[in-house]
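Colleague: What shape does this take:
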Amino acid sequence: MKRRDFAIGASALAASALGGTCGSVADAADLAVAPFRGRQDLVERAWREAMSGTRPVLGRSDALLILQEGRITFERYGADHGPNVRHVSWSMAKSFTHALVGIGVGDGVVDIDRPLSLVSHPDPGLTLRRLLNLTDGLDWHEASYEPEKSDAARMLYGPGRLDGAAYTAAMHQAVKPGTRFNYSTGAFQLAAAELAAHLFPGLTDPRAKRKAMADWIDRRLFKPLGMTTALAEFDAAGTFVGGSLVYASARDFARFGELYRQDGMVDGRRLLPEGWVRFARTPTVSPVYGAGFWLEAPLQPTAPQPLLRGHGPMDAFSAQGHQGQVILILPSRNAVVVRLGLAADDPSAWTELGGWLHQVVDAIDA
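Modeller: Below is the predicted model:
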């Protein structure tokens, strides 16, 4: 692929100002521990609030972990959780799919601006880029995950469960790609399938596809990051469920966040191609979404809203998942915050969680 400036669009030039400093790289084999830099008492207070039940909209809190310059400075767990307990990612998996496509780009096997090969109505503008920034234009309705209303529920648990990518690829092209932001779990399932088709052309047996992709994910992403608990889930067609299902411990989710804080570098070597993290952080049609990651921005008059509700820091960006899963990356504070739990998936719960996380962020020294 000749183009290396992945962050193209109306906001591409502004993205160069996002900046962010990088501290020392953590040893991928074993995250070091260091004293908290900031007001640890305020973080302890926030954790006690979450565990006390005095803020019931937060739901259940399973983990809160903070890395500063790649070192664990705060780590707490709820009942039945701990450093080696896997937790479902839900839509944080979309950020993992962004990373995997980036590795494919770096290997020269994927061009995110070529038309998709897995759709029966190939609009030349329907590309991996449009899937990753959720501007594909397909007639997808995420809705509120009720089976009768939600394409996501139908893809994961209904008629699309055997082949989620095929279910998505059959969608009508509702609008021109690149013109509308529309949140879609199917877009990332299709992106994962498109990546696999380029990595393993001609491989059709579902079990063989699953093994080949699982081995590749483990070898190219999980192991380089030292993610010893991480598991990727696959559907019956052998496709990585790239919009929904990665399982990992809080520490391993933090390792993934650290990769993005370090601009795609790990142990002094480049894992993601240069410019790929900038692509993740560059808004397109929506000011609060880049490619595979949610962005901070001034408070929006309409949904979707920024996680920290306009309080910043504005260089923060995050992987977010159903029911309150968050990997929050804070470049200007050299920090990564992981929160795992079980809350309602509605605007009031996310508003409460965003306010609670802002308390935590405010306690971290720049």
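Colleague: Mind splitting the protein into its structural domains?
Modeller: Domain assignment for the chain by automatic domain parsing gives 12-82+286-366, 86-248.
Colleague: who wins for proximity to Pro273 among those domains?
Modeller: Nearest of the domains of the chain to Pro273, taken as CB to CB: domain 86-248 at 4.0 Å. No exception for glycine: its C-beta is placed from N, CA and C like everyone else's.
Colleague: give me the low-pLDDT residue ranges for the chain?
Modeller: Applying pLDDT under 70 to the chain flags the ranges 1-29.
Colleague: sorry, back to before: so of the domains of the chain, which one's packed in deepest?
Modeller: Ranked by mean neighbour count, the domains of the chain are led by domain 86-248 with a mean of 20 (mean count of other CB atoms under 10 Å).
Colleague: Can you give me the end-to-end span of that one?
Modeller: End-to-end distance for domain 86-248: 4 Å, by CA to CA, to the nearest Å.
Colleague: Ok, which of the domains of the chain comes nearest Tyr260?
Modeller: Taking CB to CB, domain 12-82+286-366 is the member of these nearest to Tyr260, at 5.3 Å.
Colleague: Run the chain-centre distance for that closest one.
Modeller: 13 Å (CA atoms, centre = their mean, to the nearest Å).
Colleague: Need the domains of the chain in CSV (columns: distance to Tyr260).
Modeller: What follows is the domains of the chain, written out as CSV (distance: least, CB to CB, whole Å):
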stretch, distance to Tyr260
domain 12-82+286-366, 5
domain 86-248, 8
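Colleague: nearest to Ala280, of those?
Modeller: domain 12-82+286-366 (4.6 Å).
Colleague: Can you list phi and psi of the spatially most central residue of the chain for me?
Modeller: For the chain, the residue sitting closest to the mean C-alpha position, by CA atoms, centre = their mean, is Ser95 at 2.5 Å. Dihedral angles of Ser95 (phi, psi; degrees, to the nearest 10) stand at phi -70, psi -30.
Colleague: and what of His358?
Modeller: The phi/psi pair for His358 (degrees, to the nearest 10) reads phi -60, psi -30.
Colleague: So Asn182 versus Gln173, what's the distance?
Modeller: Separation of Asn182 from Gln173 (CB to CB, to the nearest Å): 12 Å.
Colleague: packing partners for the helix or strand containing Asp252?
Modeller: Using DSSP states H and E, Asp252 sits within helix 250-261. Helix 250-261 sits against strand 60-68, strand 71-77, helix 93-106, helix 223-225, strand 265-266, strand 317-321, strand 325-330, strand 335-342, with contacts defined as 3 or more CB pairs under 8 Å, 6 or more residues apart in numbering; DSSP states H and E.
Colleague: what is in contact with Asn182 and Gln173 at once?
Modeller: Listed as contacting both Asn182 and Gln173 by CB atoms under 8 Å, 6 or more residues apart in numbering are 137-138.
Colleague: follow-up on the earlier one: mind checking which of the domains of the chain is nearest Arg270?
Modeller: When the domains of the chain are ranked by proximity to Arg270 (CB to CB), domain 86-248 comes first, at 7.7 Å.
Colleague: and Val241, what does it touch?
Modeller: 93, 156, 164, 189, 192, 232-235.
Colleague: Now do the helices in the stretch 51-200 of the chain.
Modeller: For the stretch 51-200 of the chain, helices defined by DSSP state H, counting those that start in this stretch occupy the ranges 93-106, 128-132, 151-157, 164-169, 185-199.
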